[in-house]
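J.: Give me a 3D structure for the following:
(one chain, ligands or ions: 1)
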Amino acid sequence: MAKLTLMQILRKSGLFEGKSGIIKALKEGRISVEGKVTKNMNFQCNPNTREVCLDYVKVELPALRYFIINKPQAYSCQRGDKYKDVRELIPLGVLGEGEPAKRAWNTLFAVGRLDIPTTGLLIITNDGAFGSKVLEPKDKVAKKYRILTKKRFDTEQAEMLSMGVEIEVYDDTYMTKPAHVEILRDHEIFLTIREGKYRQVRKMIGAVRNRCMALERVAIGGLELSKFELAQGEYYEFSGSEIKELVFGKK
Ligand code: URA
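T.: Next comes the predicted model:
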């Protein structure tokens with residue numbers, strides 16, 4: 001493992017709910033590296049070869065875990081939301097027992113967000129580097145959605161989406177990159193995009209004067225939800241190499 005900042009190490013440990021708890025512990029002198037109190041969150045070391053302690057107890061980093069879930073509606077990918085947290089669909093018991101399981105659960109995050117009413121494929125992991133690579137615009141991992149539309153979806157709308165449409169992103173206009181559209185039925189399409197602006201799919205459908213009535217993510221790269229026969233709310237666990245090969249393809 002490369003060197004990490006103390007902030008990164010403590011976040012990966014799952015010992016704290018958020019950044020503010022870490023900053024407080026650092027300020028209070030509760031963190032030490034090789035026996036020496038360190039208050040600088042940007043201090044870098046390799047946690048495998050240097051002993052980082054909280055209150056004199058070695059900070060252990062939970063193993064990296066990789067899950068997919070079939071997200072039901074009314075679950076949120078954002079922590080502390082009024083809706084149920086998608087991570088609740090991963091039972092604590094699969095992460096271990098007692099405190100270590102709770103800590104491991106704390107380190108999990110959803111890779112990219114699905115809106116509250118959106119269903120389908122969501123990756124949940126605690127591997128930050130993998131999560132960033134899936135979302136990185138330069139890596140252009142395809143995300144495929146099945147959409148039910150309010151009005152009949154025609155070839156003109158498909159052509160517009162495949163060339164790019166203007167959507168609003170945080171008070172700015174943004175031209176979407178070329179997308180791939182497959183019309184399945186009058187009111188049902190597959191849309192594949194390689195970017196992920198906030199509520200992008202719903203906005204793209206709105207930009208061609210139609211409306212998204214149901215949205216389900218069916219694939220991320222080569223990882224296809226249908227291959228796993230997961231009912232909504234169910235999960236499946238992979239090893240790191242399995243999920244990377246499926247998402248990014250064989251290297
Ligand atoms: N695009 C959206 O608009 N919503 C989602 O949940 C995912 C992609």
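
J.: ok, the residue lying closest to Phe238 once chain neighbours are set aside - contacts?
T.: Leaving aside its sequence neighbours, Phe238 sits nearest to Tyr66 (CB to CB, 6 or more residues apart in numbering; 4.6 Å). C-beta coordinates here come from the backbone N, C-alpha and C atoms, glycine included. Listed by CB atoms under 8 Å, 6 or more residues apart in numbering, the contact set of Tyr66 reads Ile123, Thr125, Asp127, Phe130, Glu237, Phe238, Ser239, Gly240, Glu242, Ile243.

J.: What score does Tyr66 have for pLDDT?
T.: pLDDT for Tyr66: 98.

J.: Could you check how many residues crowd around Thr49?
T.: Residues within reach of Thr49, counting by other CB atoms under 10 Å, total 9.

J.: next one: Val33
T.: Applying other CB under 10 Å, I find that Val33 has 19 neighbouring residues.

J.: I'd say it and Thr49 touch.
T.: No - under the criterion of CB atoms under 8 Å, Val33 makes no contact with Thr49, lying 11.0 Å away.

J.: Pairing partners for the strand ranked longest in the chain, with directions?
T.: For the chain, the strand with the greatest residue count under DSSP state E is strand 212-220. Its sheet considered, strand 212-220 pairs with strand 119-125 (parallel), strand 143-149 (antiparallel), strand 223-224 (antiparallel) by DSSP bridges.

J.: Off-centre distance for it?
T.: In terms of CA atoms, centre = their mean, to the nearest Å, the centre of strand 212-220 is set 15 Å apart from its chain centre.

J.: quick one, domains of the chain?
T.: Under the assignment automatic domain parsing, the domains of the chain span 4-58, 66-136+223-248, 142-220.

J.: Contact partners for Ala101?
T.: Counted by CB under 8 Å, 6+ apart, Ala101 has contacts Leu92, Gly93, Leu95.

J.: ugh, typo on my part, it should be Ser226
T.: Counting by CB under 8 Å, 6+ apart, Ser226 makes contact with Val218.

J.: is it fair to say it lies in a helix?
T.: Yes - counting by DSSP: H, G, I helix; E, B strand; the rest coil, Ser226 is found in a helix.

J.: Ramachandran angles for the residue lying closest to Arg211 once chain neighbours are set aside?
T.: Of all residues not flanking Arg211 in the chain, Lys150 sits nearest, at 3.9 Å (CB to CB, 6+ apart). Dihedral pair for Lys150: phi -70, psi -50, per degrees, to the nearest 10.

J.: Please report the distance of Lys150 from Ile183.
T.: 15 Å (CB to CB, to the nearest Å).

J.: Comparing these two, which shows the higher neighbour count?
T.: Between Lys150 and Ile183, counted using other CB under 10 Å, Ile183 has the larger neighbour count: 16 against 11.

J.: Is the more buried one in contact with Glu156, as I believe?
T.: No - under the criterion of CB under 8 Å, Ile183 is not in contact with Glu156, lying 11.2 Å apart.
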